[in-house]
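Student: coords below, sequence missing:
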């Protein structure tokens, strides 16, 4: 009869062999998923390379080599199931020529004012996207509905934008429009826009996580209707108007953001504007049912600022429709004028002001 110990050792070796084969197969499967379908060098025409990809329904991975892709016109990506991957935001750069009135990269239908179809399951990662800086127009002259933003998502679904460096944008640096939804913006650096850093226009569920959004001429993030979204763990700093400008934003969660040294409010809560002179709101368009949790406001002109009118206010709510829970304010006073006439729009639950050293010294004097 065979020795029991020998049989046991043989069985153990067999199990180890099977485990090894499983690991090798898993690694090969992962490599195949990350393998480049097409490599593009800086000497190639990027638009031609994208247009030449096979239309076979499979997910294509386009890898851009390190270096600068000098552009005289926008790059338009209209196909689904694609990853556009650079070697890193400081290594692979899409650079629009100076002064050219054009976006840099457009995901979706750029040639109709209202996109004719959605674009789905696209990832853009590891790139620097640099606009052409100042030009005479915020919009492209031959396509006047198309803003000269760094990256535009037009009616996108299941879109991921991560590890990007965006700057020198004539309009916003990141723009989503026409009911884009399930968009993830993660670990990006957004700066130097001549308008807003990130602009969300008619946005469905959007996640903005772990980004630095700073030194933009207008707001860090501006919203003209957004619902069901998550904005957390971002640094929103040194922007020329507000940190976040929220018009007609509902059912969103803002958590653990650092909001500092913005020229206006850290968070400006308002309505969608119908007329600008004088300012009039669309009916019932005030931002509502938003939750702000554990955010830190430092050295903004205001922490929260509320702007309402007769058409869009908080009178019909049994309690304030927005809540600040556990937020901290350092030299960022909150400002809600005319609440006696239009109702309270913001409740505070455990939020607190922090006395700074300079405030203590001033009190001692």
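Tutor: Alright, I've got the coordinates. As the structure is a prediction and not an experimental result, all values here were calculated from the model.
Student: So what are the sheet partners of the helix or strand containing residue 69 and their directions?
Tutor: Element membership for residue 69, per DSSP states H and E: strand 67-71. Taking DSSP bridges as the criterion, strand 67-71 sits next to strand 92-96 (parallel) in its sheet.
Student: Show residues contacting the partner strand.
Tutor: Contact partners of strand 92-96, identified using Cβ atoms under 8 Å, 6 or more residues apart in numbering, comprise 46, 64-71, 74-75, 86, 102, 104-105, 126-132. Just so you know, the C-beta spots here come from the backbone N, C-alpha and C atoms, and that holds for glycine as well.
Student: which among these end up buried?
Tutor: With neighbours counted by 16 or more other Cβ atoms under 10 Å, the contacts of strand 92-96 contain buried members at 46, 64, 69, 71, 74-75, 86, 102, 104-105, 126-132.
Student: returning to that earlier point: inside strands: which ones of the contacts of strand 92-96?
Tutor: Counting by DSSP state E, these place 64, 67-71, 75, 105, 126-130 in strands.
Student: TSV for those, including distance to residue 238?
Tutor: TSV is the format used below for the ones in strands among the contacts of strand 92-96 (distance: Cβ to Cβ, whole Å):
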residue	distance to residue 238
64	30
67	30
68	27
69	29
70	30
71	28
75	30
105	25
126	25
127	23
128	20
129	20
130	19
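Student: Let me have the residues you listed in a markdown table, adding distance to residue 320 and pLDDT as columns.
Tutor: Listed next are the ones in strands among the contacts of strand 92-96 as a markdown table, based on distance: Cβ to Cβ, whole Å; pLDDT from 0 to 100:
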| residue | distance to residue 320 | pLDDT |
| --- | --- | --- |
| 64 | 48 | 98 |
| 67 | 53 | 97 |
| 68 | 50 | 97 |
| 69 | 49 | 97 |
| 70 | 52 | 96 |
| 71 | 48 | 96 |
| 75 | 45 | 97 |
| 105 | 40 | 98 |
| 126 | 43 | 98 |
| 127 | 42 | 98 |
| 128 | 42 | 98 |
| 129 | 39 | 97 |
| 130 | 42 | 96 |
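Student: biggest separation within those residues, which pair?
Tutor: Pairwise distances across the ones in strands among the contacts of strand 92-96 (Cβ to Cβ) peak at 18.6 Å, for the pair 70 and 126.
Student: by contact count, what packs against the helix or strand harbouring residue 152?
Tutor: Secondary structure assignment for residue 152, by DSSP H and E: strand 151-154. Contacts defined by 3 or more Cβ pairs under 8 Å, 6 or more residues apart in numbering; DSSP states H and E place strand 151-154 against strand 105-107, strand 119-130, strand 156-167, strand 174-177.
Student: For the stretch 201-350 of the chain, which segments count as helices?
Tutor: With helices called from DSSP state H, counting those that start in this stretch, the stretch 201-350 of the chain shows them at 339-342.
Student: circling back to that earlier point, ok, residues contacting the strand holding residue 152?
Tutor: So strand 151-154 is contacted by 103-110, 115, 119, 124, 129, 146, 159, 161, 164, 166, 173-178, 180, 183 (Cβ under 8 Å, 6+ apart).
Student: Could you find the closest non-adjacent residue to residue 171?
Tutor: residue 147 (4.0 Å; Cβ to Cβ, 6 or more residues apart in numbering).
Student: Pairing partners for that neighbour in the sheet, please.
Tutor: residue 139.
Student: Which strand residues bridge the nearest residue to residue 108 once chain neighbours are set aside?
Tutor: Excluding its sequence neighbours, the residue lying closest to residue 108 (Cβ to Cβ, 6+ apart) is residue 154, at 3.4 Å. Judged by DSSP bridges, the bridge partners of residue 154 are residue 177.
Student: Kindly provide the distance from residue 154 to residue 183.
Tutor: If you measure residue 154 against residue 183 using Cβ to Cβ, to the nearest Å, the figure is 11 Å.
Student: Show me the shaky parts of the stretch 1-150 of the chain.
Tutor: Within the stretch 1-150 of the chain, the stretches with pLDDT under 70 are 1-34, 135.
Student: on that earlier part again, can you tell me what sits against the strand holding residue 69?
Tutor: Contacts of strand 67-71 (Cβ under 8 Å, 6+ apart): 41, 42, 46, 91, 92, 93, 94, 95, 96, 97, 100, 104.
Student: can we see that at 7 Å?
Tutor: Identification of contacts with strand 67-71 by Cβ atoms under 7 Å, 6 or more residues apart in numbering yields 42, 46, 92, 93, 94, 95, 96, 97, 104.
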